[in-house]
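>>> Structure of the sequence below:
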Amino acid sequence: MRAGCWQDKHPHYAKMGDGLKFIALPLLGLAALWTAPAIAQDSPNGWIVQISPYLWATGLDGDVSPFRSGPTVSIEKDFSEVMDSLNLGGFINFWARNGRFVLSGDMMFVDTTDSTAGTLPALPGLPAGLPVSGDVDTTQFMATVQGGYRFHDAPGLTVDGLAGLRFWHISNELTVRALGQSRRFKESFSWVDPVIGMRALARISERWSFQAQADVGGFGMGSDQTWSALGTFNYIITDNGSVSFGYKIMDVDYDDDGHVFDARLQGPVIGATWRF
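Here you go, the predicted structure:
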């Protein structure tokens, strides 16, 4: 994300290496589909597990105050702008079932750096026009863990009820350089939201299916409100592997002790699932 007055001055650079890091997890997952041995539909202990690394081409839109004493600023970045400042990013989804009992997990990690350079205005004892530069390094970590019960189980449609927790951790480090010196400031904040949701999977054909998952939470206990929605079309490649594409939205409204993270992340998703 961007912070403070730097958001309108950030120069955009093409970073092919960053893009490769961003899609590394989905590519590794896709490779696993072709190399994993054939596995029976049900494991001996009754658990069926799915691991799904994916790429989320998300933009960011909202209001953020990364530092307690700083101003709240509006941010609007599309996916290409996120890629310009990306250092490292990864997304992975986990799902498991034993009979009618289910587990669902989702994790996001994004590390970005925004940079700018300019000149200082005239200050007492200093000439005008002194060069100054700054970097803001931001890391966002989110993990959602939910458990639930499959209350509808038919050959063409399954529906799961879910409940759990969503954990957020935001860390910001500001580095300012001027007059041959540099100063560094760092703050972080975290919160936990209760969430409830549902997951449905509909069979379209022998190889195609559609999955929808949504949740809502916060209720003033962590954030004021949070919700997310995901819809994907899935294509089975092997007995234990498939690929998916769709769209995901995540919205959170957090405001506490001077820290503000009122943002919406949304964009297309593409991923690979390894089932065992």
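
>>> Now for the nearest residue to residue 72 once chain neighbours are set aside, how many residues are close by?
Using Cβ to Cβ, 6 or more residues apart in numbering and skipping residues adjacent in sequence, the residue nearest residue 72 is residue 65, 4.2 Å away. Yep, even glycine has a C-beta here, placed from its N, CA and C like the rest. As a burial measure, residue 65 scores 19 neighbours (other Cβ atoms under 10 Å).

>>> Residue 65 against residue 75, yeah?
No: the criterion here is Cβ atoms under 8 Å, and residue 65 misses it with residue 75 at 10.7 Å.

>>> list the residues that contact both of these two?
Common neighbours of residue 65 and residue 75, counting by Cβ atoms under 8 Å, 6 or more residues apart in numbering, are absent.

>>> hmm, back to that, can you check what pLDDT the model gives the residue nearest to residue 72?
On pLDDT, residue 65 comes in at 84.

>>> which residue packs closest to residue 158, ignoring adjacent ones?
residue 201 (5.0 Å).

>>> for the record, mean pLDDT for the helix or strand containing that neighbour?
Using DSSP states H and E, residue 201 maps to strand 181-203. For strand 181-203, mean pLDDT is 93.

>>> and after it, which helix or strand comes next?
Downstream of strand 181-203 (by DSSP H and E), the next one is strand 208-217.

>>> For the residue nearest to residue 158, which residues are in contact?
Residues near residue 201 by Cβ under 8 Å, 6+ apart: 157, 158, 209, 210, 211.

>>> Residue 244 is in contact with the third one, correct?
Put plainly, it is residue 209. No: between residue 209 and residue 244 there is no contact under Cβ under 8 Å: 9.2 Å.

>>> what do those two both touch?
233, 234.

>>> quick one: low-confidence ranges for the stretch 101-250 of the chain?
Low-confidence segments of the stretch 101-250 of the chain (pLDDT under 70): 119-130.

>>> Please name the bridge partners of the nearest residue to residue 209 once chain neighbours are set aside.
Leaving aside its chain neighbours, residue 209 sits nearest to residue 234 (4.8 Å; criterion: Cβ to Cβ, 6+ apart). On the basis of DSSP bridges, residue 234 is bridged to residue 209, residue 244.

>>> Now for the closest residue to residue 157 other than its chain neighbours, how many residues are close by?
Nearest residue to residue 157 in three dimensions, chain neighbours excluded: residue 202, at 5.1 Å (Cβ to Cβ, 6+ apart). Neighbour count of residue 202, defined by other Cβ under 10 Å: 14.

>>> now do the one 10 residues further on
A count of neighbours around residue 212, defined by other Cβ under 10 Å, yields 15.

>>> List the residues that contact it.
199, 200, 229, 230, 231.

>>> at 7 Å instead, please
200, 231 (Cβ atoms under 7 Å, 6 or more residues apart in numbering).

>>> How about residue 197?
By Cβ under 7 Å, 6+ apart, residue 197 lies in contact with 146, 162, 213, 214, 215, 216.

>>> What subset of the residues you listed is buried?
Neighbour-count burial (16 or more other Cβ atoms under 10 Å) is assigned, among the contacts of residue 197, to 146, 162, 213, 214, 215, 216.

>>> could you dump the residues you listed to CSV with distance to residue 51?
Formatted as CSV, the buried ones among the contacts of residue 197 follow (distance: Cβ to Cβ, whole Å):
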residue, distance to residue 51
146, 16
162, 18
213, 16
214, 21
215, 20
216, 26
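
>>> Let's see the PyMOL selection covering just the buried ones among the contacts of residue 201.
The PyMOL selection below is limited to those of the contacts of residue 201 classed as buried (16+ other Cβ under 10 Å):
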select buried, resi 158+209+211
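
>>> Which member of the contacts of residue 201 is positioned nearest residue 273?
Set against residue 273, the nearest of the contacts of residue 201 by Cβ to Cβ is residue 211 (10.1 Å).

>>> I figured the closest one was touching residue 232, is that so?
Yes: look at residue 211 against residue 232 with Cβ atoms under 7 Å: they come within range, at 5.1 Å.

>>> which one of the contacts of residue 201 is nearest residue 52?
Nearest member of the contacts of residue 201 to residue 52, counting by Cβ to Cβ, is residue 211, at 10.4 Å.

>>> Okay then, goodbye and thanks.
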